[in-house]
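>>> this one's sequence-less:
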């Protein structure tokens, strides 16, 4: 644990135990989403599915990156990951992004993807609101993740016909915002 | 259909702990969130607990109150 780092956050009035619990829940959401997106991705086939596969894959890899980036902050603040993977799954901040009953229904697939991203956008907005001006490091991390989650949402939203997002797909490397926490 | 009326003390018993159902109140309506994936053991996103009136909390939440439409209504909460 980074003792002084935790003390500094506590002094601002943030309930660090609750914040850590929230970070763990969001880390669980990221890793479980990585897992469920793996299943979605392999089922994104055919004329319609192949067109979505690339963004689903980028979102999948970036969600894994979010998990990797969250873990150090959890431990810095005195938290830890559950020892039992089943427990970790069940405390996720977002519901499982499960494969639709009809895996050939690409629109149903997109709805699962966009809802998962929207849950993440809400979650990191909440963490940013809790930590703004108080816990600068967690805020910086949550904001970086939020920037990527907003882009993920916009990609899937465009495919659902909800209107143009104004965002472009990644050119080359993944995690342009969160990358600084992974180096 | 007859609706059950809860006071705050009665509502507090439905906290989702030790097998109890998890109920929450919002704007005078009591909802059953027991089976929600996002309310394990009557707790939600580390900051909210069942068995309480969450009207004020939900106004600060990063989602709208329409998320409650997926839950069944089990009664009303008496005004203070």
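Sure, I can see it. Keep in mind it's a predicted model, so treat the numbers as computed, not measured.
>>> enumerate the residues of chain A near chain B.
A:18-19, A:21-22, A:25, A:90-96, A:121-123, A:125-126, A:129 (C-beta under 8 Å from any C-beta of the partner chain). No exception for glycine: its C-beta is placed from N, CA and C like everyone else's.
>>> for ChimeraX, write the select line for the buried members of those.
Here is the ChimeraX command that selects the buried residues among the residues of chain A next to chain B (16 or more other C-beta atoms under 10 Å in any protein chain shown):
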select /A:19,21,22,25,91,92,93,94,95,96,121,122,123,125,126
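>>> how far off centre is the longest strand along chain B?
Scanning chain B for the longest strand, with DSSP state E as the assignment, gives strand B:72-77. Taking C-alpha atoms, centre = their mean, to the nearest Å, the mean C-alpha location of strand B:72-77 is offset from the chain mean by 9 Å.
>>> so what does that strand touch, helix or strand wise?
Packed against strand B:72-77 by the contact rule (3 or more C-beta pairs under 8 Å, 6 or more residues apart in numbering or on different chains; DSSP states H and E) you find strand B:4-6, strand B:29-32.
>>> could you identify which of those strands is most buried?
strand B:29-32 (a mean of 20; mean count of other C-beta atoms under 10 Å in any protein chain shown).
>>> give me the residues contacting that one.
Strand B:29-32 has contacts (C-beta atoms under 8 Å, 6 or more residues apart in numbering or on different chains) with B:4, B:6, B:11, B:21-25, B:68, B:71-77.
>>> same question, stretch A:7-27
With C-beta under 8 Å, 6+ apart, stretch A:7-27 has contacts from A:6, A:66-67, A:70-71, A:73-74, A:77-79, A:81-82, A:91-93, A:120, A:123-124, A:126-127, A:130-131, A:133-135, A:138, B:45-47.
>>> could you pick out the buried ones from those?
Buried members of these, scored by 16+ other C-beta under 10 Å, are A:6, A:66-67, A:70-71, A:73-74, A:77, A:79, A:81, A:91-93, A:120, A:123-124, A:126-127, A:130-131, A:134-135, A:138, B:45-47.
>>> which ones among these are found in helices?
Those of those mapping onto helices are A:6, A:66-67, A:70-71, A:73-74, A:120, A:123-124, A:126-127, A:130-131, A:138, per DSSP state H.
>>> please identify which two of the residues you listed are farthest apart in space.
A:6 and A:120 (25.2 Å; C-beta to C-beta).
>>> who wins for neighbours among the contacts of strand B:29-32?
residue B:24 (30 neighbours; other C-beta atoms under 10 Å in any protein chain shown).
>>> can you verify that one is assigned to a helix?
No - note on residue B:24: no helix contains this position according to DSSP: H, G, I helix; E, B strand; the rest coil, which reports strand.
>>> identify the residues contacting it.
B:30, B:31, B:33, B:48, B:50, B:51, B:52, B:53, B:54.
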